[in-house]
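Undergrad: fold the following for me, if possible:
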Amino acid sequence: MDNAAVASEVSLGNLYRDHSSWLEGWLRRRLGDAWDAADLTQDTFIRVLAAHQARTLPNLREPRAYLLTVGRRLLVNHHKRRSLERAYLEALANLPEALVPSPEQRWILLETLHALDELLDGLPPAVRRAFLWAQLDGLDYAAIALRLDVSERTVKRYMAKAYEHCLLVDL
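TA: Take a look at the predicted model:
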């Protein structure tokens, strides 16, 4: 290991040692849950390590500002994920008992929903709705246009944008 690699490992270690408790406290205040805060703190530093290994980690003059940015993004994703899980569990609660999936099927469905949510992240809400209505509800463009109060031509543009996004997204 050369001197630059050793210095880099020391600086990442120092970053963790100097700021992880502070970040975890900040996350705990926002989440009200020490376990989730600890998980998101670790996820933040995993992202920092990944950026470092990919050589995309910026020069950190203000490490706390950088950690807050990464931590906030993970916090938003955490809330989105929990909201999606609640909606899924509510939908399951409304199913007749004969149609309730097994625990294994529930887990697979939930993971699929998370993957779909991540795939569509970044699309404007109207484009996202149009895509989901077409794909999940089987609505045609005319029905989607009525729901969104736009023209069918706009729905076609939305769908093209959604398909392009799905093809180009880097998962």
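
Undergrad: give the contact list for L23.
TA: T41, T44, R64, L67, L68, G71 (C-beta atoms under 8 Å, 6 or more residues apart in numbering). All C-beta atoms are positioned from the backbone trio N, CA, C, and that covers glycine.

Undergrad: of these, keep whichever come out buried.
TA: For these, a neighbour count by 16 or more other C-beta atoms under 10 Å gives the buried set as T41, T44, L67, L68, G71.

Undergrad: element containing the second one?
TA: Of the helices and strands defined by DSSP states H and E, T44 is found in helix 34-53.

Undergrad: the fourth one now?
TA: Per DSSP H and E: L68 is located in helix 63-93.

Undergrad: could I get the average pLDDT for that helix?
TA: Regarding helix 63-93, the rounded mean pLDDT is 88.

Undergrad: what residues of that helix count as buried?
TA: P63, Y66, L67, L68, V70, G71, L74, L75, N77, H78.

Undergrad: hang on, the first one packs against Y16?
TA: No - in this structure P63 lies outside contact range of Y16 using C-beta atoms under 8 Å: 10.2 Å.

Undergrad: which residues sit in contact with the most centrally placed residue in the chain?
TA: Residue closest to the average C-alpha location in the chain (C-alpha atoms, centre = their mean): N77, at 4.0 Å. Under the criterion of C-beta under 8 Å, 6+ apart, N77 has no neighbours.

Undergrad: could you say which helix or strand holds the nearest residue to Y163 once chain neighbours are set aside?
TA: In this structure, Y163 finds its nearest non-sequential neighbour in F131, 8.0 Å apart by C-beta to C-beta, 6 or more residues apart in numbering. Assigned by DSSP H and E, F131 belongs to helix 125-136.

Undergrad: what's that helix packed up against?
TA: Judged by 3 or more C-beta pairs under 8 Å, 6 or more residues apart in numbering; DSSP states H and E, the packing partners of helix 125-136 are helix 103-120, helix 141-148, helix 152-168.
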